[in-house]
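**Student:** Kindly generate the corresponding structure for this input.
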Amino acid sequence: MKLYLAVAVLMLAFVAHTEAQEEETVGSTFTRFGDHVTDMTRGLLFACKIKVVELIKDKYDKIIKLKRIMNCWFLILEAYYIFSHFEKT
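**Tutor:** Here you go, the predicted model:
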């Protein structure tokens, strides 16, 4: 019986000791909070960078497509002008 009581008391002392070691200080809490904010900011900046690159690529593709269309129209108008000029002379 004394052995069971001694084991129970030792278990309670062990649990109390481990809980006392797990308590955080204010400094460690702020450090952990700063680490979380840093990780969140890095993730957010990475996501924003990817989105900006996608938007720039999309705009660049649209500009290239518009440039090709304008070049085609310019060639058509140039050909029309050349052929209409030769017909008049």
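
**Student:** Pull the distance from the helix or strand containing I69 to the chain's centre.
**Tutor:** Secondary-structure assignment from DSSP states H and E places I69 in helix 26-88. From the chain centre to the centre of helix 26-88 is a distance of 17 Å (C-alpha atoms, centre = their mean, to the nearest Å).

**Student:** Number the residues from 14 up from this point.
**Tutor:** Renumbered: residue one is now 14, and that last one reads helix 39-101.

**Student:** now that helix: mean pLDDT?
**Tutor:** Confidence over helix 39-101 (mean pLDDT, whole number) is 85.

**Student:** just checking, what packs against that helix?
**Tutor:** Packing partners of helix 39-101 (3 or more C-beta pairs under 8 Å, 6 or more residues apart in numbering; DSSP states H and E): none among the helices and strands. Backbone N, C-alpha and C define where each C-beta goes, glycine included.

**Student:** Flag every buried residue along stretch 60-74.
**Tutor:** Buried residues in stretch 60-74, defined by neighbour count with 16 or more other C-beta atoms under 10 Å: none.

**Student:** List the contacts of stretch 68-87.
**Tutor:** Counting by C-beta atoms under 8 Å, 6 or more residues apart in numbering, stretch 68-87 makes contact with no residue outside itself.

**Student:** For it, output the C-alpha coordinates as CSV.
**Tutor:** Presented in CSV, the C-alpha positions along stretch 68-87 are these (Å, rounded to 0.1, in the frame of the first residue of the first chain):
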residue,chain,number,x,y,z
LEU,A,68,-0.8,39.6,-64.0
ILE,A,69,2.3,41.0,-65.7
LYS,A,70,2.5,37.9,-67.9
ASP,A,71,-1.2,38.2,-68.7
LYS,A,72,-0.9,41.9,-69.6
TYR,A,73,2.3,41.2,-71.7
ASP,A,74,0.5,38.4,-73.6
LYS,A,75,-2.4,40.8,-74.3
ILE,A,76,-0.1,43.5,-75.5
ILE,A,77,1.7,41.1,-77.8
LYS,A,78,-1.6,39.9,-79.2
LEU,A,79,-2.8,43.5,-79.8
LYS,A,80,0.5,44.3,-81.4
ARG,A,81,0.2,41.4,-83.8
ILE,A,82,-3.4,42.4,-84.7
MET,A,83,-2.3,46.0,-85.3
ASN,A,84,0.6,44.8,-87.5
CYS,A,85,-1.9,42.7,-89.5
TRP,A,86,-4.2,45.7,-90.0
PHE,A,87,-1.3,47.9,-90.9
